[in-house]
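**Q** Could you work out the structure for the sequence below:
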Amino acid sequence: MNFVSSFFETPLPKPVFDPNVQVKTLPNIDKLDIKEIVLPSSPSYQDVRMPWNWDTAGYPAAIALPENEQEVVKCINYCVENKLPICVSGGKHSHYSAVSDAFVLDLRKFKKCEIDPVQKTATVGPGVKLGELDKAMQPHNLAVTCGTNPDTGVIGLTLGGGVGALVTALGMTIDNILSLRVALLDGTVVVCTKDENQDLFWAFRGAGGNFGVVLEAVYQLHPLPNNSIMHVSTMVYLPVPLLPMIRLQADPLEAMIKHRDNALTIGDDWWTGMVFPAGGPFVSIYVAHDVEKGKQVMQDATSRLGYTLIHQKSAVPYHTEVQKLAAKGQVDGHWYEKSMITSALPDEALKVIWDQSRIAPTGGEIVILRMGGKMAQVAPDATSFVHRNGRFWILVLCKFTTVQGRQRAQDWCRQTFDKLAQFKIGGYQAVGAMGDSDGVAQSFFGQNRDRLVAIKKKYDPENLLSFNQNIKA
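**A** Numbering: from 1, shown residues only. The predicted structure is shown next:
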């Protein structure tokens, strides 16, 4: 897609409020006694409703912004009494953050973020974003596996599993939860731990917000060496056919195979990723938790992994730099995305990824992030996250700015996903099945699905908490 042709396309700006849209009126909403409720007639409605992905910006019937758990309970009681589905929002990265005609329970005001450096714990509310948690942990050189985009809500990404630069060393985010404080649909607030409300503690760790509204999570933190400084090595392979012939770089596809093999054997104190922007290049990223080890191992990387003229090495702080590596360019706007987990990445899959990246529309990108390590040491039924044998998370996404670009983005993402489907072992809650519904529960929850259905039936038999990767009772 070139600039000349895109010039004649229909622009797709940030959505603005359209007063002609008919929005559902909720019964007795004026009787809901909380401090702040935003309705379509409210001056702040446009700003409050906007999610990270503008393409999922609907017209909620009401947006409640509670300030404390008592107000959350009032909102839940109101929805139960009126049989209204509840759309829970925190960091607003979910595709279900602003559903049309829904009652949105927006928890952005729950900003509690307390670090206990002695006990090495973090107590976090659902309005806290990953970048805010990282900022709070940094002075203490503490960390927990927690996502790849600083703008993401911590609780939301946690409940789907939680992967990031520390996943191989520390396990998933859910593996580091000590307790959850949850508002249930019966109006009670309970604490869930390995010893208390065990069924809920098991279910929430991987199956999202299907069973209640999480008000607070306590995480076990871990010390980082070298004052949280890590070694980052970035190798770039340009999609220029002439370069391998004149020995200025290795063939990109051959280099991909070597980097794939290296990612599987390099050790659990490393995190690796591969990024494929539209049209190329292929970028391989290595993060060594130990700076000196990183320098030593990557010193001869180009001779082992495929020669390239572009090999950048640096020592950077984990909390402010490493945490941004996989999310550069992923700012709010119109997006379409799909993802899958694979237990292997055979040569045929790499060929598909390389070929698809070469024909991606402007804004398209394929990201492969390493899983495994300590994450794989947890049994698939120990939490509701079942895909413990996953070794790679593949994210296919595309940002677009025109109406015509939306169709190209959807077509390319779906085509890429379908071509890779044979290698898929399941889905990952952090990125939902946009536009898909069939087989979602089985894809995300596998052998744990029946147990989750029983828990759903116990705590939400009417499926009022349905705006998620839904489990139907």
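
**Q** What is the burial count for Arg358?
**A** Per other CB atoms under 10 Å, the neighbour tally for Arg358 reads 13. (Glycine included, C-beta is placed from N, CA and C.)

**Q** now it: how far from Val191?
**A** Going from Arg358 to Val191 by CB to CB, to the nearest Å gives 51 Å.

**Q** Asp269 too?
**A** 34 Å.

**Q** again with Val297
**A** 44 Å.

**Q** got it, and Thr173?
**A** 19 Å.

**Q** Leaving out the residues flanking it, which one is nearest to Lys83?
**A** Spatial nearest neighbour of Lys83, excluding adjacent residues (CB to CB, 6 or more residues apart in numbering): Glu462 at 6.6 Å.

**Q** How is that neighbour assigned, secondary-structure-wise?
**A** Recorded secondary structure, Glu462: coil (DSSP: H, G, I helix; E, B strand; the rest coil).

**Q** for the chain, which helix is longest?
**A** helix 403-420 (DSSP state H).

**Q** elements contacting that helix?
**A** Applying 3 or more CB pairs under 8 Å, 6 or more residues apart in numbering; DSSP states H and E, one finds that helix 403-420 makes contact with strand 334-342, helix 347-358, strand 364-370, strand 392-400.

**Q** pLDDT score assigned to Pro317?
**A** On pLDDT, Pro317 comes in at 97.

**Q** Please apply the same query to Asp438.
**A** At Asp438, pLDDT is 45.

**Q** Same question for Phe7.
**A** According to the prediction, Phe7 has pLDDT 68.

**Q** Kindly reformat the helices and strands packed on helix 403-420 as JSON lines containing distance to Leu309 and mean pLDDT.
**A** Listed next are the helices and strands packed on helix 403-420 as JSON lines, based on distance: least, CB to CB, whole Å; pLDDT from 0 to 100:
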{"stretch": "strand 334-342", "distance to Leu309": "31", "mean pLDDT": "96"}
{"stretch": "helix 347-358", "distance to Leu309": "19", "mean pLDDT": "98"}
{"stretch": "strand 364-370", "distance to Leu309": "23", "mean pLDDT": "96"}
{"stretch": "strand 392-400", "distance to Leu309": "27", "mean pLDDT": "96"}
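
**Q** Any chance of a markdown table for these, columns distance to Pro150?
**A** Shown next, in a markdown table, are the helices and strands packed on helix 403-420 (distance: least, CB to CB, whole Å):
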| stretch | distance to Pro150 |
| --- | --- |
| strand 334-342 | 17 |
| helix 347-358 | 25 |
| strand 364-370 | 16 |
| strand 392-400 | 16 |
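
**Q** how near is Val144 to Thr56?
**A** Distance of Val144 to Thr56, given as CB to CB: 28 Å.

**Q** And those two? Which one has more around it.
**A** More crowded of Val144 and Thr56, by other CB under 10 Å: Val144, with 27 against 22.

**Q** ok, now which ones touch that one?
**A** Ala122, Met137, Leu166, Leu170, Thr173, Asn176, Tyr219, Gln220, Leu221, His222 (CB atoms under 8 Å, 6 or more residues apart in numbering).

**Q** low-confidence ranges in this structure?
**A** Under the criterion pLDDT under 70, the flagged ranges of the chain are 1-7, 326, 430-441.

**Q** burial count for Val214?
**A** 25.

**Q** Could you say whether it sits in a helix, a strand or coil?
**A** strand.

**Q** That one pairs with what?
**A** Beta-bridge pairing for Val214 (DSSP bridges): Val182.

**Q** do the same with Lys338
**A** Using DSSP bridges, the beta-bridge partners of Lys338 come out as Val396.

**Q** just checking, it touches Asp411?
**A** No: counting by CB atoms under 8 Å, Lys338 sits too far from Asp411 to count as a contact (11.9 Å).

**Q** Of these two, which one has the most company?
**A** Set Lys338 next to Asp411 and count neighbours by other CB under 10 Å: Lys338 wins out with 23 against 13.

**Q** wait, the residue nearest to Lys83 sits on Glu81?
**A** No: checked against CB under 8 Å, the pair Glu462 and Glu81 is beyond contact range at 11.6 Å.

**Q** shouldn't Asn226 be in contact with Asp290?
**A** Yes: Asn226 is within contact range of Asp290, at 7.2 Å (criterion: CB under 8 Å).

**Q** that older thread, from Lys456, how far out is the residue nearest to Lys83?
**A** For Glu462, the distance to Lys456 - CB to CB - is 10 Å.

**Q** higher neighbour count, the two?
**A** Taking neighbours as other CB under 10 Å, Glu462 and Lys456 compare with Lys456 leading, 21 against 12.

**Q** Could you say which helix or strand holds that one?
**A** Per DSSP states H and E, Lys456 falls inside helix 449-459.

**Q** by contact count, what packs against that helix?
**A** Using 3+ CB pairs under 8 Å, 6+ apart: helix 449-459 touches helix 198-207, helix 440-445.

**Q** Between these, which one is closest to Glu9.
**A** Smallest distance to Glu9 across the helices and strands packed on helix 449-459 (CB to CB): 32.3 Å, for helix 440-445.

**Q** Show the contacting residues for the residue nearest to Asp269 when sequence neighbours are not counted.
**A** In this structure, Asp269 finds its nearest non-sequential neighbour in His289, 4.6 Å apart by CB to CB, 6+ apart. Shown in contact with His289 (CB under 8 Å, 6+ apart): Leu166, Ala169, Leu224, Pro225, Met230, Asp269, Trp270, Trp271.

**Q** What residues of stretch 114-132 count as buried?
**A** Within stretch 114-132, the residues that count as buried by 16 or more other CB atoms under 10 Å are 115, 120-132.

**Q** Stretch 416-423 now?
**A** Applying 16+ other CB under 10 Å to stretch 416-423 flags Thr416, Phe417, Lys419, Leu420, Phe423 as buried.

**Q** Tell me the one among these nearest to Ala64.
**A** Looking across the buried residues of stretch 416-423 and measuring by CB to CB, the closest to Ala64 is Phe417, at 35.1 Å.

**Q** so the closest one touches Tyr336, yeah?
**A** No: using CB under 8 Å, Phe417 makes no contact with Tyr336, being 10.6 Å away.
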